[in-house]
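Visitor: Here is a sequence together with a model predicted from it:
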Amino acid sequence: MFNIKKGLILMWMGFLGLTSAAQQPVVLTLEQARDYARKHNYELRNAQLDIETARYKVKETIATGLPQVSANISYNDNIGLPVQLVPGDFFGQPGEDIEVQFGTKYSANAGASVNQLIFSGSYIVGLQASKAYLEQSEKNLFKNQVEVNKAVSESYFLVLATKESILVIDSTLEITRKLAEQTKIIVENGFAEETEFDQLQLLIADLETGRMNAVSQLETTKSYLRYHLGMDEKQQIEVSESLVELTEKLVAEKLFATQFNMFNNIDFQILQNQKDLALLQLKLEKSAYLPTLSAFLNYNTQAQRQEWDFFDSKGKWYSSSVFGVSMNIPIFSGGERSSRVRQAQYQFEKTQVAEEMVSSSLKLQYQTVRNELENALQTYQNTKSSKGIAEKIFRRTGVKYTEGVAASLDLLNTQNQYLTSQSQYINAALNMLNKTVALESILIQSE
């Protein structure tokens, strides 16, 4: 009995240990979050499966041009042989019809055939198209990686910004609560009106409400981050970097020094691939005018028995074989082929127009994002300076308030000013980081 209880206790402790381990939060830097998403993001996993599908599509297309071998085996048990009427003249009975049954009760047949495609325009073009489709799938994967990298980064930045807001509220709450405690003592000693203390209590209540909303928003931002990472919703997650650390790591000069090469942009490359596919489709429709040449070899053997003795070595099997070459020559289709060629031609021309449009769009997008990053950097520097000044004013006003030099209204105004400057700073830092990732996404080159 003791051993059973001991075993149950150990199992329960082990279960608790596993549960505790499962609840440990995953702590990630920005780069670790990006790496995690490359392996687990839902869209990237599907894009990888598309590549594997495209690879087997290429193999399937190649296989259609290789020898096609098939075999067949059949067995017949003629339960009732058909009866045919033969004129009696053949049997010395003129004027009468003689009933005759031809064949044997049992028959078996075995054969094999080999078919080889010698020339087909559609096969050649189809093989090229399947390889282009594989290349397109690989480029789509890279594009998805760029987009996921951007989405993960923006979600990560938003978590940092929300945490920074909570830290600002917490520090402001700490200062305001100390001032409220000091004011309460002053009011109790009759050196200040109770309104001063009530005013501070209102400030504390507003800050606590703001903190509660910020904490709720933090959980929401983490949920978005988990989604882009491809992580289970129940998994706890923490970010190990701060907003200040990431803004200090930013090297805008390096981004501004990087030359924008439109031909290295993944969106432009995908369009080029689509253009190649449209051209191949045009070639495919034109190949319908070409003949198709193929060769075949058939071998067949059969046996007929009155008794079921097909495995008797003395029994005879009658073989036949044939080799041939066939050519299918298209002559007239009533205009169907020419219409299909025209349609493919217009689709190809549309990709040429799209190429011009995307070219102009990418240049405009690059210049716009570059200018936005420059403005975001300048705004960040300004708000960073204003934040420091507003914090200094708020702290000085708090000291003056405790000394009785400043009124509660002055404290309220400077606190609002401080919180506004902090909010502007956080938003500016968040905007700068987002613009940085946006410019990186445009400049990044495919492998």
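Guide: That came through, no problem. Model, not experiment: these values are computed from the prediction.
Visitor: Which strands or helices does the host helix or strand of residue 388 pack on?
Guide: Element membership of residue 388 [criterion: DSSP states H and E] is helix 336-402. Other elements packing on helix 336-402 under the criterion 3 or more C-beta pairs under 8 Å, 6 or more residues apart in numbering; DSSP states H and E are helix 121-188, helix 252-257, helix 266-286, helix 408-443. In this view, the C-beta of every residue, glycine as well, is placed from N, C-alpha and C.
Visitor: Distance to residue 212 and mean neighbour count for these - can I get that in CSV?
Guide: Converted to CSV, these look like this (distance: least, C-beta to C-beta, whole Å; neighbours: other C-beta atoms under 10 Å):
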stretch, distance to residue 212, mean neighbour count
helix 121-188, 10, 19
helix 252-257, 36, 11
helix 266-286, 43, 19
helix 408-443, 16, 20
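Visitor: Out of those, point me to the one whose mean pLDDT is lowest.
Guide: Of all the helices and strands packed on helix 336-402, helix 252-257 carries the lowest average pLDDT, namely a mean of 80.
Visitor: contact partners of that one?
Guide: Under the criterion C-beta atoms under 8 Å, 6 or more residues apart in numbering, residues 370, 373-374, 377, 436, 439-440, 443 lie in contact with helix 252-257.
Visitor: Out of the residues you listed, which two sit at the greatest distance?
Guide: 377 and 443 (16.4 Å; C-beta to C-beta).
Visitor: Out of the helices and strands packed on helix 336-402, which gets nearest to residue 113?
Guide: helix 121-188 (19.5 Å).
Visitor: Which element is encountered next along the chain beyond the closest one?
Guide: helix 194-229.
Visitor: name the helices or strands packed onto that following helix?
Guide: Looks like helix 194-229 contacts helix 30-40, helix 121-188, strand 237-239, helix 408-443 (3+ C-beta pairs under 8 Å, 6+ apart).
Visitor: Dump those to a markdown table, plus distance to residue 46.
Guide: Formatted as a markdown table, the helices and strands packed on helix 194-229 follow (distance: least, C-beta to C-beta, whole Å):
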| stretch | distance to residue 46 |
| --- | --- |
| helix 30-40 | 12 |
| helix 121-188 | 8 |
| strand 237-239 | 23 |
| helix 408-443 | 20 |
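Visitor: closest to residue 51 out of these?
Guide: helix 121-188 (4.6 Å).
Visitor: right, and the helices and strands packed on helix 194-229 - which one's nearest residue 393?
Guide: helix 408-443 (5.3 Å).
Visitor: so residue 124 touches residue 284, yeah?
Guide: No: between residue 124 and residue 284 there is no contact under C-beta atoms under 8 Å: 9.4 Å.
Visitor: what bits of this structure have low per-residue confidence?
Guide: Within the chain, the ranges that satisfy pLDDT under 70 run 1-23, 89-90, 92, 101, 191-192, 446-447.
Visitor: Using the record's domain definitions, break it down for me.
Guide: 22-65+120-290+335-443, 77-118+299-329 (automatic domain parsing).
Visitor: closest one to residue 71 among the ones you listed?
Guide: Short answer: domain 77-118+299-329, nearest of the domains of the chain by C-beta to C-beta, at 4.6 Å.
Visitor: now that closest one: how far from the chain's centre is it?
Guide: 60 Å (C-alpha atoms, centre = their mean, to the nearest Å).
Visitor: gap between the two ends of it?
Guide: 42 Å (C-alpha to C-alpha, to the nearest Å).
Visitor: thinking again about what came up before, in CSV: the domains of the chain, plus distance to residue 71.
Guide: Below are the domains of the chain laid out as CSV (distance: least, C-beta to C-beta, whole Å):
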stretch, distance to residue 71
domain 22-65+120-290+335-443, 18
domain 77-118+299-329, 5
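Visitor: right, and the helices and strands packed on helix 336-402 - which one's nearest residue 316?
Guide: helix 121-188 (42.1 Å).
Visitor: what's that closest one packed up against?
Guide: helix 30-40, helix 42-63, helix 194-229, strand 237-239, helix 243-249, helix 266-286, helix 336-402, helix 408-443.
Visitor: circling back to that earlier point, could you dump the helices and strands packed on helix 336-402 into a markdown table with distance to residue 218 added?
Guide: Converted to a markdown table, the helices and strands packed on helix 336-402 look like this (distance: least, C-beta to C-beta, whole Å):
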| stretch | distance to residue 218 |
| --- | --- |
| helix 121-188 | 5 |
| helix 252-257 | 28 |
| helix 266-286 | 33 |
| helix 408-443 | 13 |
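Visitor: closest one to residue 153 among the helices and strands packed on helix 121-188?
Guide: helix 408-443 (4.5 Å).
Visitor: what's the neighbour count on residue 214?
Guide: 18 (other C-beta atoms under 10 Å).
Visitor: just residue 245 next, same as before
Guide: 12.
Visitor: quick one: contacts for it?
Guide: Not one residue lies near residue 245 by C-beta under 8 Å, 6+ apart.
Visitor: ok, it to residue 163 distance?
Guide: 12 Å (C-beta to C-beta, to the nearest Å).
Visitor: and the helix holding residue 388, how far out from the chain's middle?
Guide: 23 Å.
Visitor: That helix to helix 194-229, inter-axis angle?
Guide: 150 degrees (axes from the mean of the first three to the mean of the last three C-alpha atoms, to 10 degrees).
Visitor: thinking residue 68 is in contact with residue 115, fair?
Guide: Yes: at 4.5 Å, residue 68 counts as touching residue 115 under the criterion of C-beta under 8 Å.
Visitor: most centrally placed residue in this structure?
Guide: Here the mean C-alpha position of the chain is nearest to the C-alpha of residue 43 (C-alpha atoms, centre = their mean), at a distance of 2.1 Å.
Visitor: residues touching the closest residue to that residue other than its chain neighbours, list them.
Guide: Nearest non-adjacent residue to residue 43, counting by C-beta to C-beta, 6 or more residues apart in numbering: residue 144, 5.2 Å away. Residue 144 makes contacts with 43-44, 47, as judged by C-beta under 8 Å, 6+ apart.
Visitor: Include distance to residue 107 when you put those residues into JSON lines, please.
Guide: Listed next are those as JSON lines, based on distance: C-beta to C-beta, whole Å:
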{"residue": "43", "distance to residue 107": "60"}
{"residue": "44", "distance to residue 107": "59"}
{"residue": "47", "distance to residue 107": "56"}
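Visitor: Name the nearest of the residues you listed relative to residue 342.
Guide: Among the contacts of residue 144, and counting by C-beta to C-beta, the member closest to residue 342 is residue 47, at 34.2 Å.
Visitor: distance of the residue nearest to the closest one when sequence neighbours are not counted from residue 308?
Guide: Nearest residue to residue 47, sequence neighbours excluded (C-beta to C-beta, 6+ apart): residue 141, at 4.2 Å. For residue 141, the distance to residue 308 equals 60 Å [C-beta to C-beta].
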